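Q: no letters, just coordinates:
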């Protein structure tokens, strides 16, 4: 919308709709433990998807990519967190692929500190949307020190500037499989992506975006611009 309707107009801003706070960002100890686990070749690369289990999210394609990677001796697992109308279909697919040993389903969880602590254990987010989407889950994942591997859609392509993601051709399961195998075998790439994810999350907390929006509002309003930030917020 910014590109289509606001190009060249200084008051039109592109806002990253983050919902995580500074307190949600992975702590130093958990981050150190995560990076140590990623570097261990004998330890599985722990993949995750969290969100609604609905058809257009392409979670079935994530399962297929992981199953393919396992058949190619990739040391990966997948944890799926969420609920939706596709849950039984996804469970049946997992059974059909005999993937139950490395694909685990979890119920939806409340969006709170405990949820983020649960996410800290995972190493890479998978996203295979079948249409354009702008999920905030990728930003929550970065706060938990989880970079992403996704199909090449506009949103995930735009987030490549974070250094915390990788994209593959849409909607190519084989391409996702190849990328998974490469990342699992070259884990230093994941380590760097994790570090970039945390740095990007710190710059894009909900609090940081509220500050930016306040500055933009004060700068464009002659009355608000005459007030101090404390006066404006009171």
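A: Arrived safely, thanks for sending. The structure displayed is predicted, hence computed values, not measured ones.
Q: which residues touch stretch 106-122?
A: 19-20, 23-24, 26, 30-31, 34, 46-48, 50, 79-83, 140-141, 143-146 (C-beta atoms under 8 Å, 6 or more residues apart in numbering). Quick note: C-beta positions are derived from backbone N, CA and C, even for glycine.
Q: now restrict those residues to buried residues only.
A: The neighbour count (16 or more other C-beta atoms under 10 Å) marks 20, 24, 26, 30-31, 34, 46-48, 50, 79-82, 140-141, 143-146 as buried among these.
Q: mind listing which of those residues are in strands?
A: Those of those mapping onto strands are 46-48, 50, 79-81, per DSSP state E.
Q: from residue 162, how far out is the residue most central in space within the chain?
A: The centroid of the chain falls nearest to residue 138 when counting by C-alpha atoms, centre = their mean (2.2 Å). From residue 138 over to residue 162 the distance is 9 Å, taken as C-beta to C-beta, to the nearest Å.
Q: with residue 153 instead?
A: Separation of residue 153 from residue 162 (C-beta to C-beta): 15 Å.
Q: so where's the protein uncertain?
A: Residue ranges of the chain with pLDDT under 70: 2, 220-234.
Q: domains of it?
A: Domain segmentation of the chain under automatic domain parsing yields 17-203, 206-234.
Q: so for residue 11, which of the ones you listed sits nearest?
A: domain 206-234 (5.5 Å; C-beta to C-beta).
Q: and the residue nearest to the centre of the chain, that one's in a helix?
A: Yes: according to DSSP: H, G, I helix; E, B strand; the rest coil, residue 138 belongs to a helix.
Q: nearest spatial neighbour of it, skipping sequence neighbours?
A: Using C-beta to C-beta, 6 or more residues apart in numbering and skipping residues adjacent in sequence, the residue nearest residue 138 is residue 148, 5.3 Å away.
Q: what number of residues lie near the one you found?
A: When counting by other C-beta atoms under 10 Å, one arrives at 23 neighbours for residue 148.
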